[in-house]
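Q: sequence first, predicted coordinates after that:
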Amino acid sequence: EATSADQVEKIPIEDTWAAMEKLVDEGLVKNIGVSNFEIEDIKKIQAVATKPIAVNQFESQPYYQRRELVKYCHDNGIVVIAHTSLGSPSNVMSSHAESPPLMQDPVIGEIAAEMNKSPAHVLLRWGIQRPTVVIPKSVTASRIASNADIFDFELSADQ
């Protein structure tokens with residue numbers, strides 16, 4: 001196991017992508033994607049790829065919308081999977097943030113009250129209307145079930 005950066009072999013992302021494409025060719029996987037890739041990183045792969053990038057998973061939520069990256073992915077047929085859709089109140093940097101945690105944001109709370117929904121419902125609905133795939137984190141069965149209760153309302157453009 002590497003204990004310092006100089007012990008880690010630097011492999012070009014293009015080589016890694018080529019190895020992943022071989023997995024598709026061998027029938028071991030159907031699709032391949034990336035995580036936390038910026039537009040420049042995606043372009044590096046697109047320049048050499050023979051298989052499409054199926055998905056890019058990265059943080060996206062109302063405080064961190066990543067509009068340019070979302071648009072680039074959509075324009076290029078790449079599905080966006082948005083992690084941390086409900087914010088990250090336990091993030092070590094949250095104590096330095098000027099904004100309240102997403103689930104406590106007053107605007108989100110007002111919208112939730114208007115819609116008779118929870119702040120989590122509003123945040124998840126915001127994500128799927130972009131459209132992105134959202135993956136809320138929860139280990140509580142009731143919350144997991146509640147997170148699916150987002151298909152009976154829509155947010156307006158103003159919300």
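A: In hand now; what should we look at? Since this is a predicted model, take the numbers as computed values, not measurements.
Q: what ranges does the chain have for its helices?
A: 13-25, 39-48, 67-75, 106-115, 119-128, 141-147 (DSSP state H).
Q: give me the distance from the last one to the chain's centre.
A: Offset of helix 141-147 from its chain centre (CA atoms, centre = their mean, to the nearest Å): 19 Å.
Q: same question for the fifth one.
A: For helix 119-128, the separation from the chain centroid amounts to 13 Å (computed by CA atoms, centre = their mean).
Q: check which helices and strands that helix is in contact with.
A: Judged by 3 or more CB pairs under 8 Å, 6 or more residues apart in numbering; DSSP states H and E, helix 119-128 is in contact with helix 106-115, strand 133-135, helix 141-147. C-betas here are computed from N, CA, C, even on glycine.
Q: what are the contacting residues of the longest one?
A: Pointing back at helix 106-115 there. Outside helix 106-115, the residues that touch it by CB atoms under 8 Å, 6 or more residues apart in numbering are Pro62, Pro100, Leu102, Ser118, Pro119, His121, Val122, Leu123, Phe153, Leu155, Gln159.
Q: the inter-axis angle of that helix versus helix 119-128?
A: On the basis of axes from the mean of the first three to the mean of the last three CA atoms, to 10 degrees, helix 106-115 is oriented at 100 degrees to helix 119-128.
Q: buried ones in helix 106-115, by neighbour count?
A: By neighbour count on 16 or more other CB atoms under 10 Å, the buried set for helix 106-115 is Ile108, Ile111, Ala112, Met115.
Q: go on, stretch 117-132?
A: Buried-residue list, stretch 117-132, by 16+ other CB under 10 Å: 117-128, 130, 132.
Q: do stretch 57-68 as well
A: For stretch 57-68, burial by neighbour count (16+ other CB under 10 Å) applies to Gln57, Phe58, Ser60, Gln61, Pro62, Tyr63, Arg66.
Q: this completes my enquiry, with thanks.
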